[in-house]
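Trainee: I need the structure of the sequence given here:
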Amino acid sequence: MDCAKILIADDDNLVREAIQKILEIFGYQVVAVANGKEACDIIDETFSTIILDINMPIMDGFATLEELNHRNNTIPVLFLTGAGSMDYAMRAINLGAYDFLTKPITDLELFSMKIKQALEKRMYILMHKAYEENLEFEVKSKTKELVSKNKLLDNYSRQLEENTINTIATLQIALEEKDPYTAGHTKRVTEYGKMIGQGLGLSNLELHTLICACQIHDVGKLVIDVSCIQKPGPLSVEEWDRVTHHPEIGQNIIQPLQFLTREGTIVCQHHERVDGTGYPGRLRGDQLDPLSKILTVADSFDAMTSKRSYKVNKSMEEAIEELYNCSGTQFDPEVVAMFTKILRNQ
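Mentor: Model prediction:
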């Protein structure tokens, strides 16, 4: 490692100057100081090796090494020790010194070898540090790239989901528009459902689920004969059976869309009653999804207040009275109370 920068700290001028000249002959750049404090004042990452004498004034070698350890020093430290002071050398090694040198320097080959080993150690440390920094950079870069791609995928997935829901809702609305009595039904039910959900303090996620369910709640009617839906008189047993299956049909239509699993359950339950006499599953209150109870009230209210081919529509007050009359049997009391409160405060 040519042109390496080495720091020597020794209070003995003759020893310090001798070691400095030897190292310079070997081709190293040398900075020499008289004690540990001076060494600590100038040490930085440009040095490749540190040579410390043990017995120095102001700050000895042990105190210097302890200070360097406190600074998380990674530069290899070689201790200079006189003959007969091996216990000092061992103490230095225990403090983290890389190796030790005996003085006076008599074996230049051994001296040179230990210096080279310390420099190789420093090179390894720097290479390892660079590798870790590069690895950290690569990890951060890849993580940022993955986050960006995941965000794009999430946006794309969300857009697909919205497009799918809009397509189903559009088909459902197209069916409604064929009958002047049901035109606008989905839009109104969705608005009522949203009002109730907000009034009950639903989370954003649950409110989104409720709105989606409202938008597609009658999708099952797409495969039912329109004449059954528009028939002005009473339905036959066979016709009634077809109509009462539209919630199940709706759930089956959207079942392949896994992101609409809960919405499918709500769609299937929107004609159930809390007393267990509804259709298609005759489920009771505690078996029903809470959001389906909201949809049931919103759907029923619009059915009562809208003109239909088979009945005269009710006024808002008449519909509210009907909601209260059926509270606890057909409708959930909490949902009825909230919806009627909202309607009367408008």
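Trainee: switch to C-alpha atoms for all contacts and neighbour counts from now on
Mentor: Fine.
Trainee: Just give me the residue closest to the centre of the chain.
Mentor: In the chain, the centroid-proximal residue (CA atoms, centre = their mean) is V147; its distance is 9.3 Å.
Trainee: what about that one, which SS state?
Mentor: Under DSSP: H, G, I helix; E, B strand; the rest coil, V147 falls in the helix class.
Trainee: again with I6
Mentor: I6 ends up strand, using three-state DSSP.
Trainee: who's in contact with it?
Mentor: 28-31, 47-51 (CA atoms under 8 Å, 6 or more residues apart in numbering).
Trainee: Helices of the stretch 201-346 of the chain, start to end?
Mentor: 204-215, 226-230, 237-244, 246-254, 261-269, 290-305, 316-325, 333-345 (DSSP state H, counting those that start in this stretch).
Trainee: Could I get the contacts of I6 in TSV, plus columns for neighbour count?
Mentor: Shown next, in TSV, are the contacts of I6 (neighbours: other CA atoms under 10 Å):
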residue	neighbour count
Y28	17
Q29	17
V30	19
V31	16
F47	19
S48	25
T49	27
I50	24
I51	25
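Trainee: related to what we said a few turns ago, next one: the residue nearest to the centre of the chain relative to L110, how far apart?
Mentor: 55 Å (CA to CA, to the nearest Å).
Trainee: contacting residues around T64?
Mentor: Counting by CA under 8 Å, 6+ apart, T64 has contacts 36-37, 39-40.
Trainee: What helix or strand is it located in?
Mentor: helix 61-70 (DSSP states H and E).
Trainee: Could you do E109 as well?
Mentor: Using DSSP H and E, E109 falls in helix 108-177.
Trainee: the inter-axis angle of that helix versus helix 204-215?
Mentor: 30 degrees (axes from the mean of the first three to the mean of the last three CA atoms, to 10 degrees).
Trainee: The helix or strand that comes right after helix 108-177 relative to helix 108-177, how many degrees between them?
Mentor: Using DSSP H and E, the helix or strand that follows helix 108-177 in sequence is helix 185-199. Relative orientation of helix 185-199 versus helix 108-177 (the same axes, to 10 degrees): 130 degrees.
Trainee: Just the mean pLDDT for stretch 40-51, thanks.
Mentor: If you average the pLDDT over stretch 40-51, you get 93.
Trainee: ditto for stretch 139-156
Mentor: On average, stretch 139-156 scores 84.
Trainee: Give me the buried positions along it.
Mentor: The neighbour-count check on stretch 139-156 (16 or more other CA atoms under 10 Å) flags nothing as buried.
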